[in-house]
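Undergrad: predicted model, plus sequence, below.
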Amino acid sequence: MEAGRLLHLEVIARDRGSPSLSSTGLVQIRVGDGSGSELLSGSPTLRFQNSSYTVRLQENAPVGRDVVQVLAVRSDGRRQRINYSFGSGNEDLTFEINSNNGLIRVRDPKNLDFEMNQSFKLIVVAQAEGQTPLYGYAAVWIELIDQNDNSPRFTQDHYMASVWEGNNKGTFVMQVSAADSDSNINAKVAYHIVDGNYDNAFVIDPPFSGIIKTNIVLDREIRDSYRLTIIATDDGTPQLTGTCSLRINIVDVNDNQPTFPPYSVVSVSEGSVVGTVITTITANDVDTNPTLVYDFAEGGNPDRRFAIDRFSGRITLAAPLDHEKQSRYTLRIQASDSAHITETSLMVTVLDENDNAPMFSQYSYDVLVPELTNTGRAILTVNATDRDSGMNAKIRYSIVSGLWEGFYIGEDTGVIFANRSIPYDPRRSVMYLLIKAEDSGRPPKSVLAPVRIVIADVNNHAPKFTQDVYSVLLPEDSPRGTTVVQVTANDRDETRDNRNIDYFIEDGNLNGTFQITSDSGEIILLRPADREQVLNFQLKILAMDRGSPSRNATADVTIVVEDANDNPPVFNQSLFEVNINEGKLVGSPVIQLYATDCDEGDNGRIRYDITSGNELKMFEIDPVTGIVVIKKPLDYDKRLEYKLVIRASDGHKKHPLSAITALSVKLLDENDNMPIFPINQYHEYVPENMPLGTSVFTAKANDLDKGIFGKLVDRENRHIIVFVKKFHRQRCYRRERVFLMPITSSYHKFIFKPFVVIKRLLDYNYSCHWINFEHF
């Protein structure tokens, strides 16, 4: 009866601690039949849809938050009311389960703390009511999701540290530390300085380390302490922070050197005696100790002319001064606090006394003045200097002697001006002045200097050609080197350079045909002139003097090239060929020949004549037009071609030039001759009763034409005359007409009437009868 019974036991394990802690477990016992066989394998069971459930839940989930819903069913599919409860894992009653539908919810969230328990394992028991209860079990794993619910906390609320001034940037100061009870990114802490970091003097590097370093070189004399506010911020959402304070004291070191006031200048007369106090110089040191000591820096006391008190800084004159030797001294003074040395400069100006006379920059002056210089123009500046200074060195200039009525001098500047325009005179081209330079001291001192003035001829006249335009004729056959024309220009200036003239061809010299001699102005033919290429040359001649600046003038030269008979006529062809019919009438034109001559006038006028090949005077040529005409009748049967030599001659009276060409006149045959029989009457014998078609004789004719016009055929294209009917003896004396018509070929022109042929008819016994063929 007990076989198959299912026993469900709940076991509690409790320790003996104080307070004691416990845990619950489930034990399920199924009673077998003792045979060892499988226990009631056919009986139904109660099973959850999943053997285990895993869900995630935020650690700060509120009361009543749904966690997961479990569901169990019978294996046989029978519907039955099922009750759900926790078997174990919920001893602290953090969760609750709806017994009817298996929905698990948060009951008490105080234990939902990720930092205490990151997960929970609940055993859910499903029980089907009935005579034989059924149980099902499922494990529910609840994994908590960490929330950023803990702020970072520093190990101390207040920190203190000290650091030496003057240390390099990046010097370690101290390390602060904060901890966050959260995990992962929520526990990652970064540190920031949020207040008190004047001049950005400190930095936390790296930000997650909490290590505080100097960001500048600290100076206690500027700031002796800092109070920093530091926060630690986690990376959670929202971010939480913790705060602490850090006081940093700057430890003083002797890191400041003495400082001098700004650069100063003092003055002393060059007549001051040795021992005179010049000035006192003082340095400052923000450090309190030790006492400062003064001295000259190395090389800072030129010629040892000064002395300094090492404790007070008082400077005195140690040697006499001379303004003219040295008007200014730069003293380099240093102050030392035993650890540092600083340096400054002191400018000592030596005041002048009038103990030096002016001095000109030159012992004498020479100047070249162009003639006709404008009034008021500066011609020379004399310069005098005075080694003194101030009013003692202020100089006034004056002209004290010489022919100076044409000049004056600026009292303060030393500039000599022309007060009138002076023309160039070769007999009086040099003038002398005596200049005085006087200072303004008391008493004044002065010096004299001579000035030599040379009046220079100015190139104020341009060359002028004797003619503005030159015209000249140049024979075309002039040889190279021929002087074509000479141009002449004159210059009114006096000196050689200003009046000497050079000539140049500036424009129009095509192909470099001409050259001009620079000194004489002769234009010379350099290349042969060809009138047929250039009819005339328009040269622009430049005449330039040698002054500075130079002046020039231009003239036009027109060179007209006179024609020379230097070009023979030229036929447009070297050989002319023409075909004409032999029947052309006398006087008909054959061809017109054409020749050209580049010359002009009579030299370019052409006449034509036939020089050879016209012995029979069959042709003649018009001497002016070059038209060849037929002078006598032509006969192809006598001559097929005429070869003429034609000459074209120009009209030069003494030495005409000519050209020749060949003219080939070929005749074309015409049918202008009728065929002719050699005799007018033929006598032939023919036996009687000869069969039709018997050959009687062959008649031949001649035609003086040639080619197809001289080829003879009869109308039936034969030369053999045959009988066309039978002769009988009884008609022996009957007259018969026989037609024999020699004709030309297919291009026939003449058709001849038949002539009479008389045949003798013979009988078989050779009796003789005559038959007459009459001509009609």
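TA: Good, I have the coordinates.

Undergrad: contact partners for the nearest residue to residue 605 once chain neighbours are set aside?
TA: Closest residue in space to residue 605, ignoring its immediate chain neighbours: residue 651 at 4.0 Å, by C-beta to C-beta, 6 or more residues apart in numbering. For every residue, glycine as well, the C-beta is placed using N, CA and C. Taking C-beta atoms under 8 Å, 6 or more residues apart in numbering as the criterion, residue 651 is in contact with 601-607.

Undergrad: ok, residue 541 - contacts?
TA: 465, 470, 487, 503-506, 516, 521, 523, 554-557 are the contacts of residue 541 under C-beta under 8 Å, 6+ apart.

Undergrad: rewinding a little: so the residue nearest to residue 605 lies in a helix, does it not?
TA: No. Under DSSP: H, G, I helix; E, B strand; the rest coil, residue 651 falls outside any helix and is assigned coil.

Undergrad: now it: how far from residue 74?
TA: As judged by C-beta to C-beta, to the nearest Å, residue 651 and residue 74 stand 150 Å apart.

Undergrad: one more: residue 14?
TA: Applying C-beta to C-beta to residue 14 and residue 74 gives a distance of 35 Å.

Undergrad: just want to know which of these two has more residues nearby.
TA: residue 74 (17 against 10; other C-beta atoms under 10 Å).

Undergrad: now do the phi/psi pair for that one.
TA: Per-residue torsions, residue 74: phi -80, psi 150 (degrees, to the nearest 10).

Undergrad: the protein: helices as residue ranges?
TA: Along the chain, the stretches classed as helices by DSSP state H are 496-499.

Undergrad: next one: the residue nearest to residue 448 when sequence neighbours are not counted from residue 382, what distance?
TA: Spatially, and ignoring its direct neighbours in sequence, residue 448 is nearest to residue 436 (5.4 Å; C-beta to C-beta, 6+ apart). For residue 436, the distance to residue 382 (C-beta to C-beta) stands at 10 Å.

Undergrad: could you tell me which residues touch both of those two?
TA: Contacts common to residue 436 and residue 382, judged by C-beta under 8 Å, 6+ apart, are residue 397.

Undergrad: chain neighbours aside, what residue packs nearest to residue 320?
TA: Nearest to residue 320 is residue 274, by C-beta to C-beta, 6+ apart, at 6.7 Å.

Undergrad: ok, that neighbour touching residue 321?
TA: No. Applying C-beta atoms under 8 Å, one finds residue 274 not in contact with residue 321, separated by 9.7 Å.

Undergrad: so which of those two has more stuff around it?
TA: residue 321 (22 against 12).

Undergrad: show me the shaky parts of the stretch 1-150 of the chain.
TA: 1-11, 21-42 (pLDDT under 70).

Undergrad: apply 80 and report the result again.
TA: 1-43, 113, 115, 129-132, 146-149 (pLDDT under 80).

Undergrad: any idea how far the residue positioned nearest the centre of the chain lies from residue 552?
TA: The residue lying closest to the centre of the chain (C-alpha atoms, centre = their mean) is residue 507, at 39.5 Å. According to C-beta to C-beta, residue 507 stands 13 Å off from residue 552.

Undergrad: surely residue 410 is in contact with residue 417?
TA: Yes. With contact defined as C-beta under 8 Å, residue 410 counts as touching residue 417 (7.2 Å).

Undergrad: which one of these two has more residues nearby?
TA: A direct count of neighbours by other C-beta under 10 Å for residue 410 and residue 417 places residue 417 higher, at 17 against 14.

Undergrad: got a list of what the more buried one touches?
TA: Counting by C-beta under 8 Å, 6+ apart, residue 417 has contacts 376-379, 407-410.

Undergrad: if we go to 7 Å?
TA: 376-379, 407-408 (C-beta atoms under 7 Å, 6 or more residues apart in numbering).

Undergrad: compare those and tell me which has the most neighbours.
TA: Of the contacts of residue 417, with other C-beta under 10 Å as the count, residue 407 tops at 21 neighbours.

Undergrad: for that one, report the pLDDT, please.
TA: Listed pLDDT for residue 407 reads 85.

Undergrad: beta-bridge partners for it, please?
TA: Residue 407 forms beta bridges with residue 418, as assigned by DSSP bridges.

Undergrad: what does residue 469 give?
TA: Residues in beta-bridge contact with residue 469 (DSSP bridges): residue 556.

Undergrad: was I right to think it contacts residue 556?
TA: Yes. Counting by C-beta atoms under 7 Å, residue 469 touches residue 556, with 4.9 Å between them.

Undergrad: neighbours around residue 668, how many?
TA: Residue 668 has 13 nearby residues by other C-beta under 10 Å.
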